[in-house]
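*Asks:* I'll drop the sequence and a predicted model, then ask my questions.
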Amino acid sequence: MSEPHKFVPMVFVLGIIISLYLIFTFCHIYRLLQYELEPELRETSELDRGWTQGAIFQFVTFLLLVSYVRCALTNPGEIPHDPAWVYNEDFNQPSEEVSKATGELKRSGLRRHCKWCGRYKPDRCHHCRVCRICILKMDHHCPWIYNCVGYFNHKYFFLVLLYSLIDCGIIVFCMIDSVMVSTEEDSSFLEMFLLLFGCTLAGFMGLLIGIFWGFHVWLMVKAMTTIEFCEKAMKRAGYNASQYDEGVYRNCQSVLGPRWWLWLVPIDPPNGDGLTFGQKPSERMPLLRNQAIDGRL
């Protein structure tokens, strides 16, 4: 709370969600439910559409808000507050627990450590200068949630994108009918403006979110984080593989959780501690050493 200005992006996101929710509900669903007419004069087909679209939209929006709150409030994962993880430049023989989690090496052959936190860095861990801590399996820092996306909240971030995309799709494909009707009937200028504004905004947001979500689907299938993709792909043309790749199904489990039937629900995060991944460090050492020699770590 010492930097309140950093909450502005979150307020902006919530403002968009609330605005689109109110426009869709009161300018579109209200029209379909025909509350301005007597019950016996209401068209059954329009009522059925209104209740169906309204129920689906309410459900998806609820999942979106739950995922957003969990993504923002869940600790993405930190290096354990254990003396064994404290880095000592005069003694580079860490404990067995630390050794298992620090297979990646620097060019010098020494284990990675954070100069700001003074601790050994587990594989895939990076220091966030905004949060001022090292984040386990850090994907990126997201100002829209005022939090980092890391091991323990990556699933919720993925679902925020998915539910946002679905909500935007529902608004565009369902509300376009109300936009057309408002131009043909004697509707107020404000109603026409809100319908057109909501449909346009949802379409624009849906396009951006769809591209971003598709990119994260690709990253998940390839067992990569955004940071790993940027670090490797920018240095090596055509880079599209990861030493942590365990197959599509296992890669999805590492982000969405162990039970596939709960993948699309904001519960049941992935198992593990965020310190070790995939193959044992000893099995990855030859590849990691080669990468270190080539200067790609």
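*Replies:* That came through fine.
*Asks:* And the helices in this protein?
*Replies:* Counting by DSSP state H, one finds helices in the chain at the ranges 8-23, 30-33, 44-73, 96-101, 154-184, 189-221, 226-233, 248-256, 281-294.
*Asks:* Between those helices, which one is closest to residue 275.
*Replies:* helix 96-101 (4.1 Å; C-beta to C-beta). For every residue, glycine as well, the C-beta is placed using N, CA and C.
*Asks:* For the closest one, list every residue counted as buried.
*Replies:* 98, 100-101 (16 or more other C-beta atoms under 10 Å).
*Asks:* sorry, back to before: could you single out the most deeply buried of the helices of the chain?
*Replies:* Of all these, helix 154-184 has the most neighbours on average by mean count of other C-beta atoms under 10 Å, namely a mean of 20.
*Asks:* Give me the distance between the residue of the chain most remote from its centre and residue 8.
*Replies:* Distance from the centre of the chain peaks at residue 40, with 46.6 Å (C-alpha atoms, centre = their mean). As for residue 40, its distance to residue 8 is 50 Å (criterion: C-beta to C-beta, to the nearest Å).
*Asks:* next one: residue 70
*Replies:* 21 Å.
*Asks:* cool, and residue 104?
*Replies:* 36 Å.
*Asks:* same question, residue 264
*Replies:* 30 Å.
*Asks:* What of residue 38?
*Replies:* 47 Å.
*Asks:* Then residue 36?
*Replies:* In this view, residue 36 and residue 8 are 39 Å apart by C-beta to C-beta.
*Asks:* Point out where the stretch 51-200 of the chain drops to low pLDDT.
*Replies:* Flagging of the stretch 51-200 of the chain using pLDDT under 70 yields the residue ranges 90-92.
*Asks:* sorry, back to before: make JSON lines out of the helices of the chain and add distance to residue 144.
*Replies:* Output for the helices of the chain, formatted as JSON lines (distance: least, C-beta to C-beta, whole Å):
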{"stretch": "helix 8-23", "distance to residue 144": "5"}
{"stretch": "helix 30-33", "distance to residue 144": "30"}
{"stretch": "helix 44-73", "distance to residue 144": "9"}
{"stretch": "helix 96-101", "distance to residue 144": "30"}
{"stretch": "helix 154-184", "distance to residue 144": "9"}
{"stretch": "helix 189-221", "distance to residue 144": "11"}
{"stretch": "helix 226-233", "distance to residue 144": "14"}
{"stretch": "helix 248-256", "distance to residue 144": "19"}
{"stretch": "helix 281-294", "distance to residue 144": "32"}
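*Asks:* how about those, which one is nearest residue 242?
*Replies:* helix 226-233 (6.7 Å).
*Asks:* how about that closest one as CSV, C-alpha atoms only?
*Replies:* Output of helix 226-233 as CSV, limited to C-alpha atoms (Å, rounded to 0.1, in the frame of the first residue of the first chain):
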residue,chain,number,x,y,z
THR,A,226,7.5,-15.9,-21.1
ILE,A,227,11.0,-15.0,-19.7
GLU,A,228,12.5,-18.3,-20.9
PHE,A,229,11.0,-17.7,-24.4
CYS,A,230,12.4,-14.1,-24.5
GLU,A,231,15.8,-15.1,-23.2
LYS,A,232,16.2,-18.1,-25.5
ALA,A,233,14.2,-17.2,-28.7
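*Asks:* can you give me the angle that helix makes with helix 189-221?
*Replies:* If you take axes from the mean of the first three to the mean of the last three C-alpha atoms, to 10 degrees, helix 226-233 sits at 60 degrees to helix 189-221.
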